[in-house]
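>>> A structural model of the following input is requested.
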Amino acid sequence: MVNWQYFIGIDVASATFTASVGQRPWQVVAKPQEFENTQDGFHAFISWLAEHKIIEKKSVACMEATGVYGEELAYFLAAQRIAVAVEPPLKVKRAFKPQGPKTDAVDSQQIAEYACRFADQLHLWQPDREILEQIQVLLTTREQFVRQRTAHKNALAALQRKVVKTPAANQAHKQIITSLGREIQTIESEIARLIDNDPDLRQKLALLLTIPGVGLLLGSHMLLLTRRSQNPRQLAAHLGVAPHPHQSGSSVYRKTHSRHFGPSTPRKLLYLAACSVRTHHQGFATYFKRKTAEGKAPKLVLNNIQNRLLKIICAVLRDQQPYIPNYRSVHP
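All right, here's what the predicted structure looks like:
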């Protein structure tokens, strides 16, 4: 852990951001100051740090995850070689008792104090490669279009069952469904083109596609998810498919279950991949039949298959070797 001397708390809004600075033992050395959330405001913020003799190399700037509001500021601070930590808002909130007023100034001081107290647990932010950001945006956009198309399909199905028909409404839904379908195909082609133009991503995707059940979409999501860690247990916990026990003493007890937190799209794709290999892959099909014959719930066995696929995905990327269908582990 870097021995930071100054802890900068930043509360980001759409048009402005408020910053304050503290140090150990905890005390505020620069009272909250508001800046515009623009390039001019960023430079004014750097000048403000200099006025208070804050050494940038010995500082960490902590902000809450606010989506695009804080993205430009995070990139600017990283370019200035200031360590940046982006923390979940709920985690910061739970570190303090709900008392007193809630303002941007108070929030910035609390974020700075949070960074000071939990310095060894901060998640340092690093800018992704431009191509990874583009793939992420395309995958998100595709999922939005898929949901919209599903909504229009459901609405059209309902209209077609009505006694009184409205051809204009039906035609409008059909045109939107067709248009969204074309846009989804265009996005998928663009994702494939971006990956194909990058030698590293092209090689990794080619390795992933050797795994049963893994296609372009799941492979693209895995390329993004594994850029930070290739630990299958961490990945399963992030996706919400890791089984967790729930018990306390002798009276509170539930069966082990997955919480289904985390990003829903890759979790859905991983579930569909598990359903596919359960049907079309001999090894997984045999495993599924054996476990269900032992009395295991089908959903539990499918969850196990999802975790097994994650292990294979991480192993293939880690070893840079394609999937071997008849591979048998020395330590099964």
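>>> What helices and strands are in contact with whichever strand or helix holds Gln136?
For Gln136, the enclosing helix or strand under DSSP states H and E is helix 130-160. Counting contacts by 3 or more CB pairs under 8 Å, 6 or more residues apart in numbering; DSSP states H and E, helix 130-160 is packed against helix 167-196, helix 216-225. Where C-beta positions appear, they are placed from N, C-alpha and C, glycine not excepted.
>>> Just send those helices back as JSON lines, with distance to Pro32, mean neighbour count and mean pLDDT too.
Below are the helices and strands packed on helix 130-160 laid out as JSON lines (distance: least, CB to CB, whole Å; neighbours: other CB atoms under 10 Å; pLDDT from 0 to 100):
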{"stretch": "helix 167-196", "distance to Pro32": "42", "mean neighbour count": "14", "mean pLDDT": "97"}
{"stretch": "helix 216-225", "distance to Pro32": "36", "mean neighbour count": "21", "mean pLDDT": "95"}
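>>> Reformat these as JSON lines; add distance to Val21.
As requested, those are arranged in JSON lines below (distance: least, CB to CB, whole Å):
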{"stretch": "helix 167-196", "distance to Val21": "40"}
{"stretch": "helix 216-225", "distance to Val21": "34"}
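>>> list the buried ones in stretch 146-164?
For stretch 146-164, a neighbour-count test (16 or more other CB atoms under 10 Å) marks 149, 152, 155-156, 159 as buried.
>>> neighbouring contacts of that stretch?
Contacts with stretch 146-164, where a contact means CB atoms under 8 Å, 6 or more residues apart in numbering, come from 165-166, 169-170, 173-174, 176-177, 180-181, 184.
>>> try it again with 10 Å
With CB atoms under 10 Å, 6 or more residues apart in numbering as the test, stretch 146-164 has contacts from 165-167, 169-181, 183-184, 187, 265.
>>> and what of stretch 194-201?
Contacts for stretch 194-201 (CB under 10 Å, 6+ apart): 129-132, 134-135, 138, 202-206, 216, 219-220, 223.
>>> again, only using 8 Å
The contact list for stretch 194-201, computed with CB under 8 Å, 6+ apart, reads 131, 134-135, 138, 202, 205, 220, 223.
>>> Just the buried residues of those residues.
135, 138, 205, 220, 223.
>>> how deep is the closest residue to Ala15 other than its chain neighbours tucked in, by neighbour count?
Distance criterion CB to CB, 6 or more residues apart in numbering; nearest residue to Ala15, sequence neighbours excluded, is Asn37 at 5.7 Å. A total of 18 residues lie near Asn37 under the criterion other CB atoms under 10 Å.
>>> for Asn37, what are its contacts?
Taking CB under 8 Å, 6+ apart as the test, what Asn37 contacts is 12-17, 69, 72-73.
>>> all helices of this structure, in order?
Under the criterion DSSP state H, helices of the chain are mapped to 39-51, 71-79, 89-93, 104-117, 130-160, 167-196, 199-208, 216-225, 232-239, 264-280, 282-293, 298-319.
>>> Can you pull the domain assignment for this structure?
Listed by automatic domain parsing, the domain ranges of the chain are 6-121, 130-197, 216-245+257-319.
>>> distance between the ends of the longest one?
End-to-end distance of domain 6-121 (CA to CA, to the nearest Å): 16 Å.
>>> And stretch 63-75, by the same measure?
13 Å.
>>> average model confidence for it?
Mean per-residue pLDDT for stretch 63-75: 91.
>>> go on, stretch 282-295?
Averaging pLDDT along stretch 282-295 yields 93.
>>> Show me the shaky parts of the protein.
1-2, 244-260, 329, 331-332 (pLDDT under 70).
>>> what residue is smack in the middle of it?
What sits nearest the mean C-alpha location of the chain, by CA atoms, centre = their mean, is Pro263, with 5.6 Å.
>>> Find the nearest non-adjacent residue to that residue, please.
Per CB to CB, 6+ apart, closest to Pro263 is Leu239, 6.7 Å.
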